[in-house]
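In: Mind folding the following:
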Amino acid sequence: MPNIATVLKEEIARVARKETRADTQQLKKASAHYRSDIAALKRRIAALEQLVGRLSKAAAKTTPVDLANQPAGSFRFSASGLQAQRKRLGLSASEAALLLGVSDQSVYKWENGKARPRASQFASIAALRGLSKTEAVTRLAELTR
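Out: Numbers count the residues shown, from 1 in each chain. Below you'll find the model as predicted:
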């Protein structure tokens with residue numbers, strides 16, 4: 001007949017193994033979950049790095065307007081100046097809009113002071129100042145083809 005101390009010792013060992021198995025099972029599940037999260041984050045980082053690479057290559061191909069080299073006051077916009085320039089060239093508002101690459105309504109609002117052009121449009125407005133009447137007519141003819 002087994003000794004009661006031995007039986008009690010074996011039972012305590014069995015219960016302890018059961019408890020540790022349950023605890024380690026939870027830790028294994030958590031560890032597997034963390035590993036899968038880490039792998040997903042690594043995949044996302046790789047995809048974002050590829051996207052950044054593609055965007056930087058695309059940005060390098062385009063030639064942005066270098067506003068840093070231009071003096072701060074190199075172009076001042078005035079509504080009356082635009083209207084005078086357009087009349088000097090003998091253009092209608094819609095023809096001026098076609099040359100500038102904007103809508104007719106934009107030119108109308110700029111000339112009446114109801115709106116201001118964006119900074120990106122200043123270059124085309126400044127280029128309009130340097131045109132002669134014949135150059136403006138030839139460019140309009142090219143654009144309407």
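
In: can you pull out the helices in the chain?
Out: For the chain, helices defined by DSSP state H occupy the ranges 4-61, 79-89, 93-100, 104-111, 122-129, 133-144.

In: what residues does the fifth one touch?
Out: Outside of helix 122-129, the residues within contact range by C-beta atoms under 8 Å, 6 or more residues apart in numbering are 65, 75, 77, 82, 85-86, 89, 96, 99-101, 117, 136. The way it works is simple: take the backbone N, C-alpha and C, and place the C-beta from them, glycine included.

In: Now rank the residues you listed by neighbours and give me the top one.
Out: residue 96 (26 neighbours; other C-beta atoms under 10 Å).

In: before we move on, back to that, now the contacts of helix 122-129 in CSV, with pLDDT and distance to residue 46?
Out: Listed next are the contacts of helix 122-129 as CSV, based on pLDDT from 0 to 100; distance: C-beta to C-beta, whole Å:
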residue, pLDDT, distance to residue 46
65, 39, 34
75, 69, 44
77, 82, 46
82, 89, 50
85, 89, 53
86, 89, 53
89, 91, 54
96, 90, 50
99, 88, 47
100, 89, 44
101, 88, 39
117, 89, 42
136, 88, 52
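
In: Just give me the closest of the residues you listed to residue 9.
Out: Distance to residue 9, by C-beta to C-beta, is smallest for residue 65 among the contacts of helix 122-129, at 84.9 Å.

In: To what extent is residue 88 buried, counted in neighbours?
Out: Neighbours around residue 88, by other C-beta under 10 Å: 14.

In: before we move on, what about the one 10 residues further on?
Out: In terms of burial, residue 98 registers 18 neighbours under the definition other C-beta under 10 Å.

In: Repeat that for residue 94.
Out: Neighbour count of residue 94, defined by other C-beta under 10 Å: 13.

In: residues in contact with the nearest residue to it once chain neighbours are set aside?
Out: Spatially, and ignoring its direct neighbours in sequence, residue 94 is nearest to residue 104 (4.4 Å; C-beta to C-beta, 6 or more residues apart in numbering). Applying C-beta under 8 Å, 6+ apart, we find residue 104 in contact with 93-94, 97.

In: Residue 104 and residue 24, how far apart?
Out: 75 Å (C-beta to C-beta, to the nearest Å).
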